[in-house]
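S.K.: this one's sequence-less:
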């Protein structure tokens, strides 16, 4: 199975977790990777700068209608929901979901609906259950669900909730998750051509769906 996008969600303890994860991804990692970290609405842009210092991949904070490009790490901006369509991002100021904006569930749902089985969802450390339903959506669309081992998380609540919601998720340490992503990106197809070298990008569109809340509400 070739994957087209990785979506990562984290909250409490996420700064160190993301630093470790991106620092272990190889410089030739081509799968567009979206990082959703719960942050205060008045947060500055230092998260992108902080992560850029730990990786050779290009880190960018998402802007509305920004194209999704391979070989990039995309950071969700504070105080916006981040939605994913095939080939393009959209930002929404709809109400917080589970008290969070950005909401991990919102991003995961939109990624699953846009990319289906070509989606990898990753839930890391955090102090609430945001991301668990979105990870289930990815799994139900035949995508790959990865969860940080709660015993290694600074706050085990979020990964534990994800495991309860997706019992079949692969539970790994952060180094193991990075290795899994790297192996999948390097995995050859049956024809011998490399996989995950590019996403199936489409031109930016103005009709990006604006649904932010997962079915069932916050």
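M.R.: Good, I have the coordinates. Keep in mind the model is a prediction, meaning the values are calculated, not measured.
S.K.: contacting residues for the nearest residue to residue 121 once chain neighbours are set aside?
M.R.: Spatial nearest neighbour of residue 121, excluding adjacent residues (CB to CB, 6 or more residues apart in numbering): residue 138 at 3.9 Å. Heads up, the C-betas are built off the backbone N, CA and C, glycines and all. Counting by CB atoms under 8 Å, 6 or more residues apart in numbering, residue 138 makes contact with 7, 108, 111-112, 119-121, 144-145.
S.K.: and with 6 Å instead?
M.R.: 108, 112, 119, 121, 145 (CB atoms under 6 Å, 6 or more residues apart in numbering).
S.K.: So which of those residues is surrounded by the most neighbours?
M.R.: residue 108 (32 neighbours; other CB atoms under 10 Å).
S.K.: Run a quick check on residue 108 versus residue 134, I expect a contact.
M.R.: Yes: under the criterion of CB atoms under 6 Å, residue 108 makes contact with residue 134 at 2.5 Å.
S.K.: Just say helix, strand or coil for the residue nearest to residue 121.
M.R.: Under DSSP: H, G, I helix; E, B strand; the rest coil, residue 138 falls in the helix class.
S.K.: Distance-wise, check it relative to residue 90.
M.R.: 19 Å (CB to CB, to the nearest Å).
S.K.: hmm, who's touching the helix or strand harbouring residue 48?
M.R.: Here residue 48, judged by DSSP states H and E, is contained in helix 46-52. Helix 46-52 has contacts (CB under 6 Å, 6+ apart) with 22, 59, 61, 75.
S.K.: Kindly recompute the last result at 8 Å.
M.R.: With CB under 8 Å, 6+ apart, helix 46-52 has contacts from 15, 18-19, 22, 35, 37, 39, 58-61, 73, 75.
S.K.: Residue 9 falls within a strand, correct?
M.R.: Yes: secondary structure of residue 9 (three-state DSSP): part of a strand.
S.K.: So what pairs up with it in the strands?
M.R.: The residues listed as beta-bridge partners of residue 9 by DSSP bridges are residue 36, residue 123.
S.K.: Help me confirm that residue 145 comes into contact with residue 171.
M.R.: No: judged on CB atoms under 8 Å, residue 145 makes no contact with residue 171 at a distance of 9.7 Å.
S.K.: those strands in this structure, which residues are they?
M.R.: All strands of the chain, identified by DSSP state E, fall at 5-10, 33-37, 58-61, 72-75, 81-85, 88-92, 119-123, 144-148, 170-172.
S.K.: Now tabulate the ones you listed in a markdown table and tack on distance to residue 129 and mean pLDDT.
M.R.: Shown next, in a markdown table, are these (distance: least, CB to CB, whole Å; pLDDT from 0 to 100):
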| stretch | distance to residue 129 | mean pLDDT |
| --- | --- | --- |
| strand 5-10 | 11 | 98 |
| strand 33-37 | 14 | 97 |
| strand 58-61 | 26 | 96 |
| strand 72-75 | 22 | 98 |
| strand 81-85 | 17 | 96 |
| strand 88-92 | 21 | 96 |
| strand 119-123 | 10 | 98 |
| strand 144-148 | 12 | 98 |
| strand 170-172 | 16 | 98 |
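S.K.: still on that earlier bit, ranking by neighbours, what's the top pick from the contacts of helix 46-52?
M.R.: residue 35 (27 neighbours).
S.K.: May I ask you to confirm that it is in contact with residue 5?
M.R.: No: in this structure, residue 35 is not within contact of residue 5 by CB under 8 Å, at 12.0 Å.
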